[in-house]
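Visitor: sequence unknown, structure follows:
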Ligand code: NAD
Ligand code: UDP
């Protein structure tokens, strides 16, 4: 039996594929390469290039490979773009999940591990955020992710689908041997953007808002290493196999770092002064997002191994130095 990984050529998906292979799993990847990279897909994996919304392609795929469970990453995931283009986000994310789950039901596949997000909470009422806290997304992106979580739960009642939704906080870092890492074009995430300065690709990093109600006025986030996320997917799969219990779990380190603190750590790692320029706030950014991951630690037996921000940034830096233009280099 194999695990189907949708979006397995993307950033978090490709790292999770490596973790699955290391755990001895057989893996089939489906990815349209709309934002992913064929070069990110490990050897030894069956790779199908195609769109998740292609029901006939999924039927062929499920008929051809014995799929035990699905890990579902494939989605559009930029908060700002989703506000400008909500219909495209509903199309790719919700219709994608609908076509996928319909095919799973047709082919008798009843386990799914799902990439959800801290964006399902919106502006938090308190930090650290717990899974039972209110979910009031402030973007179409967050709305589609929450709707998918809920769709999976209704499908459990109707068809016996078991799901684990993993609400990631800020994914960062790269595979420790630097063979793969983050390569989004255009890049929007803070850490790779900061590292473009010492790489000579950018004059300075722009700080989006230094007037937030935080200690130094800049936004605070919970950065989590991509391999710790990858490992959580494997543990979630294991839990579905062993207990058949659906659930929702936050994944973060439980420690917040401000934008200024992240820049300081990047200066330390790279030895570069990294000039920073303050600019207005970016629309839709909550001041502070920090996860309580106590539930994942308790029920999934998950323990982040790369919790230190310096280590997270060091692995990202090693990857970008090796591949300054990303997979095209
Ligand atoms: P990514 O863009 O690198 O990966 C997504 C992959 O899905 C890409 O390879 C893309 O080509 C593929 N894809 C998209 N739509 C598709 C479709 N219709 N059919 C087939 N393939 C399709 O993104 P990522 O940063 O690796 O994020 C992966 C998942 O994790 C996403 O669902 C995202 O919403 C979620 N997430 C990411 C973060 C983060 O910090 N990066 C945080 C929270 C949640
Ligand atoms: N950020 C910033 N400058 C940038 C990119 C991001 O100040 O060029 C800030 C952003 O406002 C947020 C934090 O860095 O507070 C993390 O942003 P990112 O886009 O990496 O992740 P998000 O929290 O939006 O998922």
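Guide: That came through, no problem. Given the structure is predicted, the values throughout are model-derived calculations rather than measurements. Ligands and ions are numbered 1, 2, ... in the order given.

Visitor: name the nearest residue to residue 123, ignoring sequence neighbours.
Guide: Spatial nearest neighbour of residue 123, excluding adjacent residues (CB to CB, 6 or more residues apart in numbering): residue 286 at 4.8 Å. (Glycine included, C-beta is placed from N, CA and C.)

Visitor: let me see the contact set for that neighbour.
Guide: Taking CB atoms under 8 Å, 6 or more residues apart in numbering as the criterion, residue 286 is in contact with 122, 123, 124, 138, 219.

Visitor: now distance to residue 203 too, for these, in a markdown table please.
Guide: Shown next, in a markdown table, are the contacts of residue 286 (distance: CB to CB, whole Å):
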| residue | distance to residue 203 |
| --- | --- |
| 122 | 34 |
| 123 | 32 |
| 124 | 34 |
| 138 | 31 |
| 219 | 22 |
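
Visitor: ligand 2: which of these is nearest?
Guide: Comparing these against ligand 2 with CB to the nearest ligand atom picks out residue 219 as the nearest, at 3.0 Å.

Visitor: now the closest one: how far from ligand 1?
Guide: Residue 219 is 14 Å from ligand 1, where distance means CB to the nearest ligand atom, to the nearest Å.

Visitor: follow-up on the earlier one: of the contacts of residue 286, which is the most crowded?
Guide: Neighbour tally across the contacts of residue 286 (other CB atoms under 10 Å): the maximum, 24 neighbours, falls on residue 219.

Visitor: thought that residue was touching residue 213?
Guide: No - contact between residue 219 and residue 213 fails when scored by CB atoms under 8 Å: they sit 10.4 Å apart.

Visitor: overlap of the contact sets of those two?
Guide: Applying CB under 8 Å, 6+ apart, one finds that residue 219 and residue 213 are jointly contacted by residue 287.

Visitor: coming back round to it: which SSE is the residue nearest to residue 123 in?
Guide: In the assignment (DSSP states H and E), residue 286 maps to no helix and no strand.

Visitor: roughly how far does it sit from residue 129?
Guide: Counting by CB to CB, to the nearest Å, the gap from residue 286 to residue 129 is 10 Å.

Visitor: ok, and the closest non-adjacent residue to residue 268?
Guide: Spatially, and ignoring its direct neighbours in sequence, residue 268 is nearest to residue 310 (6.8 Å; CB to CB, 6+ apart).

Visitor: helix, strand or coil for that neighbour?
Guide: Secondary structure, DSSP: H, G, I helix; E, B strand; the rest coil: residue 310 is helix.

Visitor: thinking again about what came up before, restrict the contacts of residue 286 to those near ligand 2?
Guide: residue 219 (CB under 6 Å from any ligand atom).

Visitor: buried residues in stretch 25-41?
Guide: Neighbour counts using 16 or more other CB atoms under 10 Å place 25-32, 35-37, 40-41 of stretch 25-41 among the buried residues.

Visitor: tell me which of the residues you listed is nearest to residue 298?
Guide: Distance ranking of the buried residues of stretch 25-41 against residue 298, using CB to CB, places residue 25 first at 24.2 Å.

Visitor: how near is the closest one to ligand 1?
Guide: Counting by CB to the nearest ligand atom, the gap from residue 25 to ligand 1 is 19 Å.

Visitor: now for that residue: which residues touch it?
Guide: With CB under 8 Å, 6+ apart, residue 25 has these contacts: 2, 3, 234.

Visitor: neighbour-wise, which one of these leads?
Guide: The most crowded member of those, judged by other CB under 10 Å, is residue 3 (25 neighbours).

Visitor: can you tell me the element it falls in?
Guide: Element membership of residue 3, judged by DSSP H and E, is strand 2-6.

Visitor: same deal with residue 19?
Guide: Following DSSP H and E, one finds residue 19 within helix 11-22.

Visitor: tilt between the strand holding residue 3 and helix 11-22?
Guide: Relative orientation of strand 2-6 and helix 11-22, computed by axes from the mean of the first three to the mean of the last three CA atoms, to 10 degrees: 170 degrees.

Visitor: now do the contacts for residue 218.
Guide: So, once contact is read as CB under 8 Å, 6+ apart, residue 218 ends up touching 207, 209, 210, 212, 258, 259, 260.

Visitor: shouldn't the fifth one be in contact with residue 216?
Guide: To tie it back to what came earlier, the one meant is residue 258. Yes - using CB under 8 Å, residue 258 is in contact with residue 216, at 5.1 Å.

Visitor: near ligand 1, which residues of the stretch 151-300 of the chain?
Guide: For the stretch 151-300 of the chain, the residues in contact with ligand 1 (CB under 6 Å from any ligand atom) are 168, 170, 171, 184.
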